[in-house]
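Trainee: here's my sequence, what's the structure:
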Amino acid sequence: MNKAFTRETDGDDEDEALEPQAELAAGTRNYITPAGHARIREELDHLLRTERPQLVEVVHWAASNGDRSENGDYIYGKRRLREIDRRIRFLTRRLDLAEVVDPARQQNVDQVFFGATVTISNEQGLTQTYQIVGVDETDSQRGRISWVSPLARALLKAREGDVVRFQSPAGWREVEVLTVEYLDSEA
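Mentor: You can find the predicted model right below:
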């Protein structure tokens with residue numbers, strides 16, 4: 001069958017493929033820091049106001065050239081347009097579910113909660129610092145872990161000096177909480 005007569009899928013089922021690490025269980029709140037919320041809002045705004053209109057213009061120009069079956073600008077433009085629309089839907093849903101939590105407003109600063117920056121020491125004495133953030137903000141290079149990760153779940157409600165145990169991919173581990181701070185979410 002000629003490719004021109006095959007239907008391409010809308011791609012709604014591919015939303016999960018784009019963001020597999022950002023899955024939330026049904027009914028779970030999507031906590032996010034103010035900085036993370038601003039980044040998502042900025043990306044959505046860029047897609048809606050800049051990237052998508054430019055691409056629509058290119059696709060419109062390519063479509064006006066005639067034969068669309070062998071028109072690379074048209075074919076790849078339409079594909080990219082579907083990707084952008086899928087990302088816009090995903091970001092819109094995330095923002096609709098988002099519950100902004102400002103770590104700077106935390107009152108129990110001696111205990112680990114969402115937004116805390118925690119320094120821990122493992123069994124070998126190696127220290128690491130993590131900030132507990134929303135699932136859409138995780139960045140292992142910057143020490144930002146999701147509040148639903150096993151380590152963050154184990155750390156929640158812990159205080160300085162507490163030893164917590166959690167299941168990691170390498171097996172059960174114990175870490176000691178050295179410090180708990182509530183810094184600006186950009187830190």
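
Trainee: what about the most centrally placed residue in the chain, which helix or strand?
Mentor: Nearest to the mean C-alpha position of the chain, counting by Cα atoms, centre = their mean, stands Asp136 at 2.0 Å. Under DSSP states H and E, no helix or strand contains Asp136.

Trainee: against Tyr130, how distant is it?
Mentor: Distance from Asp136 to Tyr130, counting by Cβ to Cβ, to the nearest Å: 16 Å. C-beta here means a position set from N, CA and C on the backbone, and glycine is covered the same way.

Trainee: which SS class is the nearest residue to Leu91 once chain neighbours are set aside?
Mentor: Nearest residue to Leu91, sequence neighbours excluded (Cβ to Cβ, 6 or more residues apart in numbering): Leu44, at 4.4 Å. Put simply, Leu44 is helix when judged by DSSP: H, G, I helix; E, B strand; the rest coil.

Trainee: surely Leu44 touches Arg89?
Mentor: No. Leu44 lies out of contact with Arg89 (Cβ atoms under 8 Å); the separation is 10.2 Å.

Trainee: who's more crowded, these two?
Mentor: Set Leu44 next to Arg89 and count neighbours by other Cβ atoms under 10 Å: Leu44 wins out with 17 against 13.

Trainee: what sits against that one?
Mentor: With contact set as Cβ atoms under 8 Å, 6 or more residues apart in numbering, Leu44 has these partners: Ile88, Leu91, Thr92, Leu95.

Trainee: now it: how far from Glu160?
Mentor: From Leu44 to Glu160 the distance is 38 Å (Cβ to Cβ).

Trainee: one step back: need the contacts of Leu44 in JSON lines with distance to Gln124, can you?
Mentor: Listed next are the contacts of Leu44 as JSON lines, based on distance: Cβ to Cβ, whole Å:
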{"residue": "Ile88", "distance to Gln124": "45"}
{"residue": "Leu91", "distance to Gln124": "40"}
{"residue": "Thr92", "distance to Gln124": "44"}
{"residue": "Leu95", "distance to Gln124": "41"}
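
Trainee: out of these, who's nearest Arg29?
Mentor: Closest approach to Arg29 among the contacts of Leu44 (Cβ to Cβ): Leu95, at 13.3 Å.

Trainee: any chance you could read off phi and psi for the residue nearest to that closest one when sequence neighbours are not counted?
Mentor: Spatial nearest neighbour of Leu95, chain neighbours left out: Ile40 (6.0 Å); criterion: Cβ to Cβ, 6+ apart. For Ile40, the backbone dihedrals are phi -70, psi -40 (criterion: degrees, to the nearest 10).

Trainee: SS state for Glu70?
Mentor: Going by three-state DSSP: Glu70 is coil.
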